[in-house]
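1. predicted model and sequence below, questions to follow.
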Amino acid sequence: MHTAELDEAKYIALTTFRRHGTPVTTPVWLAPSADGYYVTTGAATGKYKRLRNDPTVEVTACNSRGTPNPGATTYTGTAELLDEAGTDAALKAVIDRYGLIGRLFQGFYAVQAKVLRRELENRGLELHIGDG
């Protein structure tokens, strides 16, 4: 499901849940997909690890700091962890939506991986709103 509010949002507050139910919210970029919204994250991030255990999500349009926009609706749904082809599609969609800033961010991510001398692997998520 798509909503005009999320289609227009530059950021969403993505809430995932720890094993004991505590919510954790992080602002993320998003891009529309055929069945919902794409989000990208690192394979080693907390949100990715939490989603492997519980795919339930809540999303709210927000600013870059994660503060919900005035009057924003919180939507529930599920997150699908994407395979390599899905991750490539998600990365392309997010980079295309955010243009130069998206490309710079991905370049920064690659440099960070080299500086830290470890693999910082991107993972794609597809959010299905209304499935929660």
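-> Nice, thanks for sending it over.

2. following the lowest-mean-pLDDT helix or strand in the chain, which helix or strand shows up next?
-> When the helices and strands of the chain are scored by mean pLDDT, DSSP states H and E, helix 84-116 comes last with a mean of 75. Sequence-wise, the next helix or strand downstream of helix 84-116 (DSSP states H and E) is strand 122-129.

3. L125 contacts R52, correct?
-> No - using Cβ atoms under 8 Å, L125 makes no contact with R52, being 11.0 Å away. From N, CA and C alone the C-beta is placed, and that goes for glycine too.

4. give the residue spans of this structure that score low on pLDDT.
-> For the chain, applying pLDDT under 70 flags the ranges 101-120, 131-132.

5. try it again at 90.
-> 1-2, 42-45, 91, 95, 98-122, 130-132 (pLDDT under 90).

6. skip the chain neighbours and tell me the closest residue to the residue nearest the centre of it.
-> Geometric centre of the chain, nearest residue: V39, 3.0 Å, by Cα atoms, centre = their mean. Take V39 and drop its neighbours on the chain: the residue closest to it by Cβ to Cβ, 6 or more residues apart in numbering is L125, 4.5 Å away.

7. look up how far T73 lies from that neighbour.
-> According to Cβ to Cβ, to the nearest Å, L125 and T73 sit 20 Å apart.

8. the more surrounded of those two?
-> Shown here are L125 and T73; by other Cβ atoms under 10 Å, L125 has more neighbours (28 against 12).

9. list the residues that contact the more buried one.
-> By Cβ atoms under 8 Å, 6 or more residues apart in numbering, L125 lies in contact with 38-41, 48, 51, 79-82, 90.

10. try N63
-> 11, 27, 69.

11. between the helix or strand containing V57 and strand 122-129, how many degrees?
-> Assigned by DSSP H and E, V57 falls within strand 56-62. Note on geometry: by axes from the mean of the first three to the mean of the last three Cα atoms, to 10 degrees, strand 56-62 and strand 122-129 are set 90 degrees apart in direction.

12. can you list the residues that contact strand 56-62?
-> With Cβ under 8 Å, 6+ apart, strand 56-62 has contacts from 5-6, 8-9, 11-17, 23, 27, 37, 51, 68-69, 72-79, 127, 129, 132.

13. can you give me the distance of the closest residue in space to D54 that isn't next to it in sequence to P23?
-> If the residues on either side of it in the chain are set aside, D54 comes closest to F17, at 5.2 Å by Cβ to Cβ, 6+ apart. Using Cβ to Cβ, one obtains 6 Å as the distance from F17 to P23.
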